[in-house]
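Trainee: Quick one: sequence plus predicted model below, questions after.
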Amino acid sequence: MKRFYLSILFLLSISTAYANYFPGRDIYPQVPFIELKDAYEQRENIIFIDARSSFEYETLRINNAMLIPLSLSTSLFEKKMTALRDEFPGKKLVFYCNGHNCMKSYKAARRSIVYLGQGNVFSFDAGIFDWATQHPEETLLLGKTLTDSTKLLSKNKFKQHLLPAETFIKKADAKSIVLDIRDRIERDGFYIFSGHENSVSLNEKDKVKLAAVLKRVKKENKTLYVYDMVGKQVKWFQYYVESEGIKDYYFMEGGAQAFFDIPIGNLMD
């Protein structure tokens, strides 16, 4: 019995260590990091910078955070970071992204430190989910104060609407509405449903078009099938779908890239 309890304690210690593991600290030792507790307590002296996409930023972000995506060109990134440092010379510039395994905050901070020579720059590697869970009152969800962390969508909620690529393709028939939310450059002329899907990128320009598609889904009471490039953007898109009151929807596991793993014979039925 004693051995059993020791085994349980060992497994719990391993689980806790893994939950608190931040790989970026080993990968980018030249980038200083800031812990969740310190980031919250020092927030009045911090300019938080979101290194993710604009859609992720608009969905869930730290209150008063600035958006400077890692994906910006070198010149535009430099211009925005230089202007930010000039405006707030004495404050800490703290990049964040999705969480423990997301390296965007480290890459953006390194870019500022190494290539721009900026100081007082940090990575907040606990990320937006840890922040939102602990401090919902300092978090914006779809532009409004979160107030209650239970409004965050769980992994189980996401899995309930996730289908393997082959199943997704076979179920998304003419009676449903298919939505391709890949960026235009990701499509590159390739459409899984031969162009019969609604192609809408998650950017400000396509906002009206996206709203029209979702309005049609509700009006015609159809099932919505959504896919992106690799199955990551749909996690954020779920918040938008839920906010629109749509309940009958599915995402393709692995995104468009998963299509190429399906044996061609399986799609000839």
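Mentor: Perfect, thanks for sending it.

Trainee: From now on I want contacts and neighbour counts done on CA atoms only, so please keep to that.
Mentor: Noted.

Trainee: For stretch 217-228, give the mean pLDDT please.
Mentor: Mean pLDDT, computed over stretch 217-228, is 96.

Trainee: Just the buried positions in that stretch, please.
Mentor: Neighbour counts over stretch 217-228 (16 or more other Cα atoms under 10 Å) mark 217, 218, 222, 223, 224, 225, 226, 227, 228 as buried.

Trainee: low-confidence ranges in the stretch 151-269 of the chain?
Mentor: 268-269 (pLDDT under 70).

Trainee: can you give me the strands in it?
Mentor: 162-163, 177-180, 198-199, 224-227, 249-252 (DSSP state E, counting those that start in this stretch).

Trainee: Format those as CSV; extra columns: distance to residue 33.
Mentor: Shown next, in CSV, are the strands of the stretch 151-269 of the chain (distance: least, Cα to Cα, whole Å):
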stretch, distance to residue 33
strand 162-163, 34
strand 177-180, 37
strand 198-199, 39
strand 224-227, 34
strand 249-252, 35
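
Trainee: which SS state does residue 61 fall under?
Mentor: Under DSSP: H, G, I helix; E, B strand; the rest coil, the three-state class of residue 61 is strand.

Trainee: got the contact list for it?
Mentor: Taking Cα atoms under 8 Å, 6 or more residues apart in numbering, we find residue 61 in contact with 50, 128, 139, 140, 141.

Trainee: thinking again about what came up before, could you dump the buried residues of stretch 217-228 to CSV with distance to residue 133?
Mentor: Listed next are those as CSV, based on distance: Cα to Cα, whole Å:
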residue, distance to residue 133
217, 31
218, 31
222, 33
223, 31
224, 29
225, 29
226, 27
227, 27
228, 26
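
Trainee: and the gap between residue 202 and residue 264?
Mentor: To residue 264, residue 202 is 30 Å away according to Cα to Cα, to the nearest Å.

Trainee: Residue 194 too?
Mentor: 15 Å.

Trainee: try residue 251
Mentor: Between residue 251 and residue 264 the computed distance is 21 Å (Cα to Cα).

Trainee: Mind checking which of those two has more residues around it?
Mentor: Each of residue 251 and residue 264 has its neighbours counted (other Cα atoms under 10 Å); residue 251 has more, 27 against 10.

Trainee: pretty sure the more buried one is touching residue 236, no?
Mentor: No. Counting by Cα atoms under 8 Å, residue 251 stays clear of residue 236, with 11.4 Å between them.

Trainee: Quick check: residue 164 vs residue 27, distance?
Mentor: For residue 164 relative to residue 27 (Cα to Cα), the value is 33 Å.

Trainee: oh, I was asking about residue 123
Mentor: Distance from residue 123 to residue 27, counting by Cα to Cα: 13 Å.

Trainee: what does residue 124 give?
Mentor: For residue 124, the distance to residue 27 - Cα to Cα - is 15 Å.

Trainee: quick one, which of these two is more surrounded?
Mentor: residue 124 (27 against 11).
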